[in-house]
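Novice: What would the 3D arrangement of this be:
(2 chains)
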Amino acid sequence: MKNTENKNNVVLSARHLKKSFRGGDMEQTIINDLDVDIRKGDFTVIMGSSGAGKSTLMYALSGMDKPTSGSITFCGEEITSYNADKLAVFRRKHCGFVFQQIYLLDKMSLMDNALTAGLLVGGKKKEIVRRAEALFEKVNLPEVTWRKLPSQISGGEAQRAGIVRAVINRPEVLFADEPTGALNSNNSDAVLDVFTELNRDGQSIIMVTHDKKSALRGSRIIYLRDGKIFGECELGEYTPDNAERTEMLNAFLAEMNW
Amino acid sequence: MKQISHLSLYFFMKDKKQIISFGIIILITSLILNLATVLALRIDPAYDRQSDELHSADIDIVIPKSADSAALSDAVRSHASVAQLEKQRAILQKAVMKDFRGTDFELNILFYNWDDDRAIHLLSCCERSEETVTNPIYLPLYISEFGEYPLNEKITFSMDGKDFTYTVAGVVQEMQYGNASAEIMGVFLPDDQYRQLAKEWQGSEVVNYAVRTAEGADSRTVLDDLRKTAEEYQSPVLFALTSEAKKQSRMMVTNLLTMILAAFAVIVLLVSIFLCQFRIKNTVSEEMAQMGVLKSLGFTSGGIIRSIVLPYTATVLLFSALGAAGSYVLLPSLVNVLALQAGFRFEVAFSAVALILTMSLLTAVTLVFTWLAAGKIRRLQPIAAIRGITEGKDMRKNRFAIARTPGSVNLVLMLKQMAASTQQNVLLFVVLFVMTILIAFSGSLFYNVIIEPDHFMNTLSDESPDVMLQVSSSDISDMKRTISHLNGAEKVLSYSILQVQVEEENAAAFVCEDFSKIQNDLCYEGRNPASDKEIAIGSALAERLGCGIGDTAVVTYGDSSCSYRVVGLVQSVNNRGEICELTEEGFSSISEDQLHSLYVYLKSGADADDFIEKAETVCGEGIVSAVNAAKKQSEVQSMYTAIVNVVIVAVFAVTILIVLLILYVIIRSMITQRRQEYGIFKAIGYSGRQLVVQTAGSLMPVSIAAALLSALLGLVWLPAVCDVIFSMIGAMKNHMEQPVSVLLLFATAEIVVTLLISVFLARSIKKIEAYSLIKE
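Specialist: Here you go, the predicted structure:
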């Protein structure tokens, strides 16, 4: 169980985080005075109803979007004051992203998609190619698919390739925004299995989802409402067909009126 | 129709900045094309109209007054093709005009009597002094404007060592001579001044036979007949000119400029065709899903095509009209420059024909090419379009696989980006290639006019010493020896220019003691004469006489004639190829006259004015007149340098503007099409700067290849173009060189500018946020 608060174990923390959007004279606050700590090695799942600010929170934490106010400390660095280019450099070293729409570069093969990220940090090309090959094998993408373009493979394969691209630089945190949202059930399971395996190997993951089956893979559930953390639940390590965990999650979500 | 106009408005709004860029290029094309068309359509008729208004002669023949007779004029008048003859008295003198555009300028001058009645070559005063001036003179427009002698200004003619100073009382528009290339000009003195001059130069009185030919007569043939008539009456023809020859020389620069402008317009039009094709193809691919939806809603392919083509057609109509209007802003200054060379003022008037031609051409070309580019829409199946399924093969290839391509990931991504669009590369290649043609041309001018001016000047001019001396004829050998020993003199050559007749044609004879010592070899075929029985003749003369190397030609000077063997063909722009070269020994066969013209070449660093002062001190009365030819040459050269500087700046400015507009369209299209891709790159961790460099860099291989290839091809086509241009003005051999280093330097400058513009325009990529992937 990784539910013990340990400051040394915190990889990412936000304090008084606020994110609002201005449209004309109207200001809409999505995240409001939110504090959160993300522990190393956790599989954190962010849930909430539509418009609760799940994705907004995740992208603010990852440095992809700038908060309106508050501070974010990521791997010991205060990143809220970083400019766009510095944030880009920060992201390439410490973050990996998996999107619902996958967003592979469509004119590049799966291997090139992975190497585009992998070679960005530096290192020998041969080594990074080998690392990419190992990751492709790990996510069960056969060699024949590596040279294919995203348009030539299935959605599930594409998402697994997206995960390879996201983790090739061994990020501190892997951010996933509804990674199974566009996939069928079989492909969803395959993708979630990859996440579970990565987490078992020590990869910190933050995943936004509204899918209970996906949420069940997490070790910690954060529930958002009106831009604040409304509730939290520690599920512990995922094991398949674990009825106790399923009940815990159901109870938590029922408590949250989900 | 309403639906189509709504759809057109949508396509216009979507691409408005790029359509406006296209419009600006059309504006430039239209401006240049309309300039060329107006010049082509207006100047020539204006010239003819002016000639008609002034009742100009078709043929002018100048003979000595002493050789004129009533019998001769009756014989001329009786020629079947002579409609009207007027004899105009004048005084012919070789004169140096002092301070002509800051230097001394030697020319054959005919002093006419302003108060004589005229029925031919009427005089139209375009400017007249309101003051009463002493010693008044009326100057033709060319001398007044080009020589910089405005109203009330003094002008001094130095003739055989005597100075005659007059005050400009009026400027005359005449169509008789025109410009310096005629080698002879007319000026006009009131009766008192004329009589005084006539008293001074009685032996120089001449009669100009101003002849108007019957309609349909060939003035060249009539002139040949009249020459024979003059010969029969033993009247030597001193000068003879036809109106065609005058017009050709006066309009040379105008015609040349019209051609260059038309060529320039074609080049820019080519660019705009590629641009509109590129944009329309991109619009089709960017809006494919919407087009699928429109088709599924029942829009016909034709309707969609019309709605895409319509904004471009409207843009062409609007911007071509604006460009044509803009050309009328530039025309007055352009025409003023041309008027200097053509020697007549041209009123800029609106030409509806030019406007219609310009607008129709641009609109028709745009319509055809946009229609062709949009034709792809016909093949789109609605459902395939909605799903974004394209027929292109490009999408199925992963070019420059990162694992296998050597180089950094940024470099490989740059190459991938470059390989992503064939259309874009074709457009960029064409633009850079054709613009480099202009850049290479200006590079060639820069080298040959500014860096190595002798190349250009030697092509246009005849033998050019540093100092030209007229010495008293009795002691030329002693004088030559004395002058060659003066400090600063490198060599002294006896070199004279005289009027002779070759067969039946008048020609300027360049008589030199030794052609192997001259600096500017005019011979372009065969060789210069070396013995007393040899002659080299000018290109035009050779053509007219139908003789070539190996033939013989009879040269007449005064009453004596002698036959010479043609050993070479020579060129002379100033004399329109109507020249010949004889050695001094050869000339002595037809004249016992002592030649008295010396060409002095100075050592490097020696000052021509100082040298003249020294020569005059040492030789005293022995020197009749001295001209600082180096200064004259440098004055003319500075005029060309100024023109070339303007050309280079104009070419670079237009190139930069066009490259800027094209790159704007390309980069904007790239950003529109690849917006999501840039977002993904940013999410992965690529910085804005990396993406800017990547994008700008992806344009460079094609730009570099196009610019360098075009510049190197300049080595092949530039000499050919120079040959054509110079041969048009009578220079069969030109000295222009095309050093590869200069062409590459200019191409490199263009590449650097292209890179800077690309980086500047691609900076907008920085504004794309990774988060926009989620937001949009």
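
Novice: State the mean pLDDT of stretch B:416-428.
Specialist: Taken as a whole, stretch B:416-428 has a mean pLDDT of 88.

Novice: What residues sit buried inside it?
Specialist: Across stretch B:416-428, burial judged by 16 or more other Cβ atoms under 10 Å in any protein chain shown covers B:K416, B:Q417, B:M418, B:A419, B:A420, B:S421, B:Q423, B:Q424, B:N425, B:L427, B:L428. Where you see a C-beta, it was placed from the backbone N, CA and C, and this is true even at glycine.

Novice: residues making contact with that stretch?
Specialist: A:107-108, A:112, B:274-275, B:277-278, B:281-282, B:394, B:399-400, B:662, B:666, B:669-670, B:694-695, B:698-699, B:701-703, B:706 (Cβ atoms under 8 Å, 6 or more residues apart in numbering or on different chains).

Novice: Can you select the buried ones among these for me in ChimeraX?
Specialist: Filtering the contacts of stretch B:416-428 down to the buried ones (16+ other Cβ under 10 Å) takes a single ChimeraX command:
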select /A:107,108,112 /B:274,275,277,278,281,282,399,400,662,666,669,670,694,695,698,699,702,703,706
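
Novice: Please give me every residue in contact with B:A265.
Specialist: Applying Cβ under 8 Å, 6+ apart, we find B:A265 in contact with B:T29, B:I32, B:L33, B:A36.

Novice: Sorry, slip of the keys, the one I care about is B:N179.
Specialist: Per Cβ under 8 Å, 6+ apart, neighbours of B:N179: B:Y142, B:F146, B:S249, B:R250, B:Q341, B:A342, B:G343.

Novice: Please repeat the previous calculation with a cut-off of 10 Å.
Specialist: Contacts for B:N179 (Cβ atoms under 10 Å, 6 or more residues apart in numbering or on different chains) come out as B:140-143, B:146, B:185, B:246, B:249-250, B:252-253, B:340-344.

Novice: Out of these, flag the one nearest to chain A.
Specialist: Nearest to chain A out of the contacts of B:N179 is B:V253 (Cβ to the nearest Cβ; 53.6 Å).

Novice: one step back: now, the contacts of B:N179 that are in helices?
Specialist: Among the contacts of B:N179, the residues falling in helices (DSSP state H) are B:L141, B:Y142, B:I143, B:F146, B:K246, B:S249, B:R250, B:M252, B:V253, B:L340, B:Q341, B:A342.

Novice: Identify each buried residue in stretch B:200-212, please.
Specialist: B:W201, B:S204, B:E205, B:V206, B:V207, B:N208, B:Y209, B:A210, B:V211, B:R212.

Novice: Now for these: which two are most distant?
Specialist: Farthest-apart pair in the buried residues of stretch B:200-212 is B:W201 and B:R212; separation 28.8 Å (Cβ to Cβ).

Novice: Same list, the buried residues of stretch B:416-428, but as a markdown table with secondary structure please.
Specialist: Output for the buried residues of stretch B:416-428, formatted as a markdown table (DSSP: H, G, I helix; E, B strand; the rest coil):
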| residue | secondary structure |
| --- | --- |
| B:K416 | helix |
| B:Q417 | helix |
| B:M418 | helix |
| B:A419 | helix |
| B:A420 | coil |
| B:S421 | coil |
| B:Q423 | helix |
| B:Q424 | helix |
| B:N425 | helix |
| B:L427 | helix |
| B:L428 | helix |
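
Novice: Now do the buried residues in stretch B:33-50.
Specialist: Buried-residue list, stretch B:33-50, by 16+ other Cβ under 10 Å: B:33-40, B:42-43, B:46-47, B:50.

Novice: likewise stretch A:131-140?
Specialist: Buried residues in stretch A:131-140, defined by neighbour count with 16+ other Cβ under 10 Å: A:R131, A:A132, A:E133, A:L135, A:F136, A:K138, A:V139.

Novice: quick one: contacts of that stretch?
Specialist: Under Cβ under 10 Å, 6+ apart, the answer for stretch A:131-140 is A:110-115, A:117-119, A:123, A:141-143, A:145-146, A:156-157, A:159-170, A:190-191, A:193-194, A:197-198, A:201, B:402-403.

Novice: Tell me, how many residues neighbour whichever residue of chain A sits closest to chain B?
Specialist: Closest residue of chain A to chain B, Cβ to the nearest Cβ: A:R92 (2.4 Å). A:R92: 20 surrounding residues under other Cβ atoms under 10 Å in any protein chain shown.

Novice: you'd agree it is in a strand?
Specialist: No: if the criterion is three-state DSSP, then A:R92 is helix and not within a strand.

Novice: State the pLDDT value of it.
Specialist: pLDDT, A:R92: 91.

Novice: isn't it right next to B:G685, touching?
Specialist: Yes: using Cβ atoms under 10 Å, A:R92 is in contact with B:G685, at 2.4 Å.

Novice: Overlap in contacts, these two.
Specialist: Shared contacts of A:R92 and B:G685 (Cβ under 10 Å, 6+ apart): A:A117, A:L120, A:V121, A:N169, A:P171.

Novice: where do the strands sit along the stretch 51-200 of chain A?
Specialist: For the stretch 51-200 of chain A, the strands defined by DSSP state E, counting those that start in this stretch cover A:69-74, A:77-78, A:95-98, A:173-177.

Novice: Pick the most deeply packed of these.
Specialist: strand A:95-98 (a mean of 28; mean count of other Cβ atoms under 10 Å in any protein chain shown).

Novice: what about that one and chain B, touching?
Specialist: Yes: shown here: strand A:95-98 in contact with chain B (Cβ under 10 Å from any Cβ of the partner chain) through A:C95, A:G96, A:F97.

Novice: ditto for stretch A:213-227
Specialist: No: judged by Cβ under 10 Å from any Cβ, stretch A:213-227 stays clear of chain B, getting no closer than 16.3 Å.
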